[in-house]
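Chemist: Coordinates for the following, if possible.
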Amino acid sequence: MNGLHHNLLDHQYQNTHLRDRIQDIDVDHRIVFSFESNAQLCDMTIDSVESRLLLVGSQDGHIYVFDVEDPSFFSLDSIKHTSIASVCNRSKGSGFLSKGSPLVCVQWYPVDSGSFTSASANKMLGIWDTNRLECVTSVSFAQSLSWLSMSPVACSHNLIAVSLGPCSGESTGRAVLVDPLMGCTVTTLLGSHSQSGLTQVTWSPRAAYVVVTGGWKYFSM
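Modeler: The predicted model follows:
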């Protein structure tokens, strides 16, 4: 009984402490991230290895990498971060002065920040080398890309799940699995989604072979 009472008190203390911390959450307006342009930001993610590298994709096709633990300027009134690396996502074969293709999604490789993936409005999936800031592999699709995801727990595969919009002649959207080593689609997942296609796809955080997809009206596993 004493053990149960102790556990209840401990749980109550944790809830009280957590509630107080949540109530104190607020935006720190001193911290500023500086970008090369004023384009809308489309997606961002922090690496899961060190939790310090912030990857950002923008509407004008720029990809930025920030070190959130090492600001470029620090004072009592201001903390400024400038990107430690940036690159413009241009279509293959386009000139240097061409506009970048808007980013839809950017994601770090789950176990190594030396690589990341991107999905862009030009219907291209890109696999990037972080150190060289170079797209080493690209996969093109007939449909628009809405999202991509890599499994955080898979040990026997490194497949990239990609959600796609509807294709001509098809009644529903679909998801595909891409093998980054082969640089092509290896499996197509047909789902019962609306004609407007899929909007989201994500791997299960526990099961290496479970993918969840979502559309305008339904979700499937």
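Chemist: a strand runs through Thr16, doesn't it?
Modeler: No: under DSSP: H, G, I helix; E, B strand; the rest coil, Thr16 sits outside any strand and is assigned helix.
Chemist: and it, how far is that from Gln23?
Modeler: Here Thr16 is placed at a distance of 11 Å from Gln23 (C-beta to C-beta, to the nearest Å). C-beta here means a position set from N, CA and C on the backbone, and glycine is covered the same way.
Chemist: thinking Cys184 is in contact with Ser140, fair?
Modeler: No: with contact defined as C-beta atoms under 8 Å, Cys184 does not reach Ser140; the gap is 10.0 Å.
Chemist: per-domain residue ranges of this protein.
Modeler: 33-140, 142-221 (automatic domain parsing).
Chemist: Could I get those in JSON lines, plus columns for distance to Val27, mean neighbour count and mean pLDDT?
Modeler: JSON lines is the format used below for these (distance: least, C-beta to C-beta, whole Å; neighbours: other C-beta atoms under 10 Å; pLDDT from 0 to 100):
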{"stretch": "domain 33-140", "distance to Val27": "13", "mean neighbour count": "17", "mean pLDDT": "90"}
{"stretch": "domain 142-221", "distance to Val27": "26", "mean neighbour count": "17", "mean pLDDT": "83"}
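Chemist: Those domains: which one's closest to Gln12?
Modeler: domain 142-221 (28.9 Å; C-beta to C-beta).
Chemist: Give me the three-state assignment for Arg21.
Modeler: Per three-state DSSP, Arg21 ends up helix.
Chemist: Same list (the domains of the chain) but as TSV, adding distance to Gln12.
Modeler: Written out in TSV, the entries for the domains of the chain read as follows (distance: least, C-beta to C-beta, whole Å):
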stretch	distance to Gln12
domain 33-140	30
domain 142-221	29
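Chemist: Who are the contact partners of the one residue sitting closest to the centre of the chain?
Modeler: Centroid check for the chain by C-alpha atoms, centre = their mean gives Gln107 as the closest residue, at 3.4 Å. Counting by C-beta atoms under 8 Å, 6 or more residues apart in numbering, Gln107 touches 45, 55, 116-118, 148-150.
Chemist: Outside of the longest strand seen in the chain itself, list whatever touches it.
Modeler: Counting residues, the longest strand found in the chain (DSSP state E) is strand 112-120. The contact list for strand 112-120 (C-beta under 8 Å, 6+ apart) reads 47, 49-50, 53, 55, 57, 61, 63, 89, 101-109, 125-131, 145-148, 150, 160, 162, 180.
Chemist: What about the residues you listed, which are in strands?
Modeler: Counting by DSSP E, the contacts of strand 112-120 contribute 53, 55, 57, 63, 103-109, 125-129, 145-148, 150, 160, 162 to strands.
Chemist: re the thing from before, which one of the contacts of Gln107 sits closest to Ser34?
Modeler: Within the contacts of Gln107, the smallest distance to Ser34 is 15.8 Å, found for Leu55 (C-beta to C-beta).
Chemist: That closest one contacts Val106, doesn't it?
Modeler: Yes: taking C-beta under 8 Å as the definition, Leu55 is a contact partner of Val106 at 5.2 Å.
Chemist: So for the two, which residues contact both of them?
Modeler: Any residue near both Leu55 and Val106 by C-beta under 8 Å, 6+ apart counts here, and that gives 44-45, 63, 116.
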